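> Got a sequence here, can you model it:
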Amino acid sequence: MKYKYSEHWTATARDIATQLGLNYIALDQIAVIESQGSKTKRTIARIHTIGKVMQLGMNQKPFYTIELLTEKFDKQNQEEKIKTIVHELLHIPACFGGGFRHHKPHVNARTVEIEYQKIKDLYT
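I've put the predicted structure just below:
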């Protein structure tokens, strides 16, 4: 696997979080990377964080990284790319504590579409 920090997608994700009013997300504590070489068949993107125990042990604040699997992500049109970023941001809980919100009932096609409709004119 190869990883590369993405200034463009980090700025976009932070902008989307702002536009959606996800004020609980500490913008300086999220980043986006692009990866190449994954063997996964269906995954387009995923979100990572350091577990609570490690955060406490390292005396670090929560930090979230969205990983875009370029082999799949780059094939999407602009609308789908933005929806993918929205989807991953919705996994971040309101407490911004280092955990995740689950797909059911929080992160699914319906909730992504609702949030996307709020910002679609800005990104298409």
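
> what's the helix or strand for the residue nearest to the spatial centre of the chain?
For the chain, the residue nearest the mean C-alpha position is E88 (3.3 Å; Cα atoms, centre = their mean). For E88, the element it lies in under DSSP states H and E is helix 78-90.

> So which elements touch the helix or strand of the chain with the lowest mean pLDDT?
Lowest mean confidence among the helices and strands of the chain (mean pLDDT, DSSP states H and E): helix 103-106, at a mean of 80. Contacts defined by 3 or more Cβ pairs under 8 Å, 6 or more residues apart in numbering; DSSP states H and E place helix 103-106 against no helix or strand at all. C-beta here means a position set from N, CA and C on the backbone, and glycine is covered the same way.

> how does it look with 10 Å?
Counting contacts by 3 or more Cβ pairs under 10 Å, 6 or more residues apart in numbering; DSSP states H and E, helix 103-106 packs against helix 78-90, helix 109-123.

> Enumerate the positions of it that are buried.
Buried residues in helix 103-106, counting neighbours by 16 or more other Cβ atoms under 10 Å, are absent.

> Residues in contact with that helix: which ones?
Residues outside helix 103-106 that contact it (Cβ atoms under 10 Å, 6 or more residues apart in numbering): H87, L90, H91, P93, F100, A109, T111.
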